[in-house]
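# Pasting the sequence and the predicted coordinates here, then a few questions.
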Amino acid sequence: MSEPEILFHQNANAGVVTLNRPQALNAVTHQMVLKLHAQLRQWQHDPSIKCVIIKAAEGRAFSAGGDIRDLYQRGMAGKPHLQFFWDEYRLNAYINEYPKPYIALIDGIVMGGGVGVSFHGSHRVAGDNISFAMPEVGIGFFPDVGGSYFLPRLPGETGLYLALTGNRIKKDDLLWSGLVTHYCTSERLDALEQMLCETDDVEAVLSPFAAVEAASELSRNQAAIDEVFATSSLMEVIDNLEISANSSANVTSAWAQKTLSTIESKSPTSLAIAFRQMREGRNLDMRQCMQLEYRIVSRVLSGHEFYEGIRAAIVDKDNAPQWQPATIAALDPAAIAANFAPLDGENGTCAGELVFT
């Protein structure tokens, strides 16, 4: 028999969660979401559990996202899997509010759904091999699992830049931006985990590993990012990039050209959704962000872009998505706004607004 997709055990004072799908880059499934939420609730009320640690089975990914192939197959069969997102987003909010230290040990690729089960915790410890991205606009989706909460709270316009480009960043960028709170060499992560299990004082154990701000690629580009992305519309971002790309400042010009090319390869619809999502999210609390994202996903799952993005990237692998519309200029503002409208339907079910219990 195959091993469980997610493992739980108690080690001294800690409840330990292990994402256990290394062959699938620990992509998060619906059953993993349900089991994790139930176990966290149990541990919350267990006085012998002083903290929760979440890590991944050995491999090159902490978690590369959600199980998008399953979502694609269900959607193409005419049965969009809204229940997955209903349960996932409630879990994300619950982790954000968890009353005990919630420590993610992240060494490897972390994207999408993997971010949702780790970055909302109280402590995020990066290993040497950490690689973070929210690349959803490249598959016709949007940076969900709380992206509308944590991305707008990064320095300056860093969050909007990451949302619209989907660019991967590594350890130094994560430390500089505050996306992770601590750093531990990969070879010492197991020892750190054991120390955390045996302590009554998580802060004392983690204190020597506290993030120290260091120079990074993001920090070097911060001025340019802020200048280009501090706008009131997506088209202004494109205009600013085009101006910078044609400027005489070679360094800025090269960065702008690369950034413009990256953004123009993404779904125009997804870019417009992500832009508005980032702007609205900076004024919302975590629960409100998850309700906003549930409104969006309820519409996206019945649309074209997500399934076309997955077809091009995962199914046919031709990397030639046919976006509808194909350009930002052709977008209908009313169609974008419709993704953010309140949901009709009965509260307390996945047909209506997201509610919390």
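Cool, got the structure.

# which residues touch Pro50?
Just so we're on the same page, residue 50 is Lys rather than Pro. Going by Cβ atoms under 8 Å, 6 or more residues apart in numbering, Lys50 touches Asn13, Ala14, Lys100, Pro101, Thr199, Asp200, Val202. C-beta: built from backbone N, CA, C; applies to glycine.

# My error: substitute Ala230 in the last question.
Residues counted as contacts of Ala230 (Cβ under 8 Å, 6+ apart) are Gly156, Glu157.

# give me that answer again for 6 Å
If you count contacts by Cβ atoms under 6 Å, 6 or more residues apart in numbering, Ala230 has them with Glu157.

# Neighbour-wise, give me the winner out of the contacts of Lys50.
With neighbours taken as other Cβ atoms under 10 Å, the top of the contacts of Lys50 is Ala14, carrying 25 neighbours.

# Quick check: closest non-adjacent residue to that residue.
Cys197 (4.1 Å; Cβ to Cβ, 6 or more residues apart in numbering).

# Is the residue nearest to Tyr89 when sequence neighbours are not counted in a helix, a strand, or coil?
Once flanking residues are discounted, Tyr89 sits nearest to Met290: 4.3 Å by Cβ to Cβ, 6+ apart. The assignment at Met290 comes out as helix when based on DSSP: H, G, I helix; E, B strand; the rest coil.

# residue ranges of the strands in the stretch 101-250 of the chain, please?
For the stretch 101-250 of the chain, applying DSSP state E, counting those that start in this stretch gives strands covering 102-106, 109-111, 123-126, 131-133, 169-170, 182-183.

# Now do the last one, average pLDDT.
Read it as strand 182-183. Mean pLDDT, strand 182-183: 97.

# hang on, the earlier thing: list the contacts of the residue nearest to Ala14.
Asn11, Ala12, Ala14.

# Would you format these as a markdown table with secondary structure included?
Shown next, in a markdown table, are the contacts of Cys197 (three-state DSSP):
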| residue | secondary structure |
| --- | --- |
| Asn11 | strand |
| Ala12 | coil |
| Ala14 | strand |
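
# Return the member of those nearest to Leu36.
Lowest distance from Leu36 to those (Cβ to Cβ) belongs to Ala14, with 15.2 Å.

# That closest one pairs with what?
As for beta bridges, Ala14 partners with Asn11, Cys51 under DSSP bridges.

# where exactly do the helices run in the stretch 251-357 of the chain?
With DSSP state H, counting those that start in this stretch applied, the stretch 251-357 of the chain shows helices at 268-281, 286-300, 305-310, 333-338, listed in chain order.

# contacting residues around the longest one?
It stands for helix 286-300. Residues outside helix 286-300 that contact it (Cβ under 6 Å, 6+ apart): 85, 89, 93, 96, 142, 144, 148-149, 281, 306, 339, 343, 354.

# mind running it again at 7 Å?
For helix 286-300, the external contacting residues (Cβ atoms under 7 Å, 6 or more residues apart in numbering) are 82, 85-86, 89, 92-93, 96, 141-142, 144, 146, 148-149, 273, 277, 280-281, 284, 306, 338-343, 353-354, 356.

# List only buried entries from those.
82, 85-86, 89, 92-93, 96, 141-142, 144, 146, 148-149, 273, 277, 281, 306, 339, 353-354 (16 or more other Cβ atoms under 10 Å).

# thinking again about what came up before, would you turn the contacts of Lys50 into TSV with pLDDT and distance to His37?
What follows is the contacts of Lys50, written out as TSV (pLDDT from 0 to 100; distance: Cβ to Cβ, whole Å):
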residue	pLDDT	distance to His37
Asn13	98	22
Ala14	98	18
Lys100	98	15
Pro101	98	18
Thr199	97	26
Asp200	94	26
Val202	97	22
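
# Out of the residues you listed, the closest to Leu154 would be?
Using Cβ to Cβ, these come closest to Leu154 at Pro101, 22.6 Å.

# tell me the contacts of that closest one?
Cys51, Ser122, His123, Val202.

# Got the confidence number for the most centrally placed residue in the chain?
The chain has Gly112 as the residue nearest its centroid, 3.9 Å off, counting by Cα atoms, centre = their mean. Looking at Gly112, its pLDDT is 95.
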